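*Asks:* Got a sequence here, can you model it:
(2 chains)
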Amino acid sequence: EVQLLESGGGLVQPGGSLRLSCAVSRFIFSSFDLSWVRQAPGKGLEWVSAISGSGGRTFYADSVRGRFTISKDNSKNTVFLQMSSLRAEDTAVYYCARRTSLAAFDIWGQGTMVTVSS
Amino acid sequence: DIQMTQSPSSLSASVGDRVTITCRASQSISNSLNWYQQKPGKAPKLLIYAASSLQGGVPSSFSGSGSGTDFTLTISSLQPEDFATYYCQQSYSTPRTFGQGTKVEMK
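*Replies:* Next comes the predicted model:
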């Protein structure tokens, strides 16, 4: 079974940094784009960032551009989201999701909670 | 950015009811529209991709239609496990925007 497993969430102070990881199993890691999608408590879904299968192209939402960096380690089948200058409004469950060739998110991880608070 | 607007924001229905949820894009997105179901505390689940294609394993009671700017998700006969929140998402351009969600509650 194809799986995505996020980790790295936690409590961080405003202005702080955190790195999320998404470990991928059972599919050809380099063949698929991967995205991060977040959901603030009681709110809807917000696409945050994406990285191409090769890792050569990255994309960001305006709300995180310049503060978040997406990357991948093909040797570890893992995607990372480095988050810095965190704000209270970044508080959310962060999901890793696989994007199909038709740009739908067909496989999701279970999510990791990030809380930005003093 | 393309804005996605769902209606209604919530609805109450009974088991066996036919349910229709609408999603409108702020500009034409061809058929680049996906639908997801989310239950409390769980990750979203892909139901429909490319406006009308049923994802594997999804019951045939779910169907999608539309193109351009107006799209519809229909549940032909609501089952107890279908009470959830539903989101549309455009895959036409980046950022991949979602609708605000439609919560389907038990009447």
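*Asks:* neighbours around the closest residue to chain B within chain A, how many?
*Replies:* As assessed by Cβ to the nearest Cβ, chain B sits closest to A:A103 within chain A, at 3.2 Å. In short, each C-beta sits where N, CA and C put it, glycine included. Using other Cβ atoms under 10 Å in any protein chain shown, A:A103 has 20 neighbouring residues.
*Asks:* Which strand or helix spans it?
*Replies:* Using DSSP states H and E, A:A103 sits in no helix or strand.
*Asks:* so what's it up against?
*Replies:* The contact partners of A:A103, by Cβ atoms under 8 Å, 6 or more residues apart in numbering or on different chains, come to B:S32, B:N34, B:S91, B:R96.
*Asks:* now, which of these lie close to chain A?
*Replies:* Residues of the contacts of A:A103 in contact with chain A (Cβ under 8 Å from any Cβ of the partner chain): B:S32, B:N34, B:S91, B:R96.
*Asks:* Relative to chain A, which of the contacts of A:A103 is nearest.
*Replies:* Using Cβ to the nearest Cβ, the contacts of A:A103 come closest to chain A at B:S91, 3.2 Å.
*Asks:* Make sure that closest one is actually in contact with B:S32.
*Replies:* Yes. Assessed by Cβ atoms under 8 Å, B:S91 is found in contact with B:S32 at 4.5 Å.
*Asks:* near chain A, which residues of chain B?
*Replies:* Checking chain B against chain A by Cβ under 8 Å from any Cβ, the hits are B:1, B:32, B:34, B:36, B:38, B:43-46, B:49-50, B:55, B:87, B:89, B:91, B:94-101.
*Asks:* And stretch A:43-56, what's buried?
*Replies:* For stretch A:43-56, a neighbour-count test (16 or more other Cβ atoms under 10 Å in any protein chain shown) marks A:L45, A:E46, A:W47, A:V48, A:S49, A:A50, A:I51, A:G53, A:G55 as buried.
*Asks:* and the least confident of the residues you listed?
*Replies:* Among the buried residues of stretch A:43-56, A:G55 has the lowest pLDDT, at 83.
*Asks:* B:I29 contacts B:Q89, doesn't it?
*Replies:* No. Counting by Cβ under 8 Å, B:I29 stays clear of B:Q89, with 10.3 Å between them.
*Asks:* In strands only, show me the residues of chain B next to chain A.
*Replies:* The strands, defined by DSSP state E, take in B:N34, B:Y36, B:Q38, B:K45, B:L46, B:Y49, B:Y87, B:Q89 from those.
*Asks:* Measure how buried the third one is and give me the count.
*Replies:* Per other Cβ under 10 Å, the neighbour tally for B:Q38 reads 19.
*Asks:* Quick check: B:T94 touching A:I51?
*Replies:* No. B:T94 is beyond contact range of A:I51, at 12.0 Å (criterion: Cβ under 8 Å).
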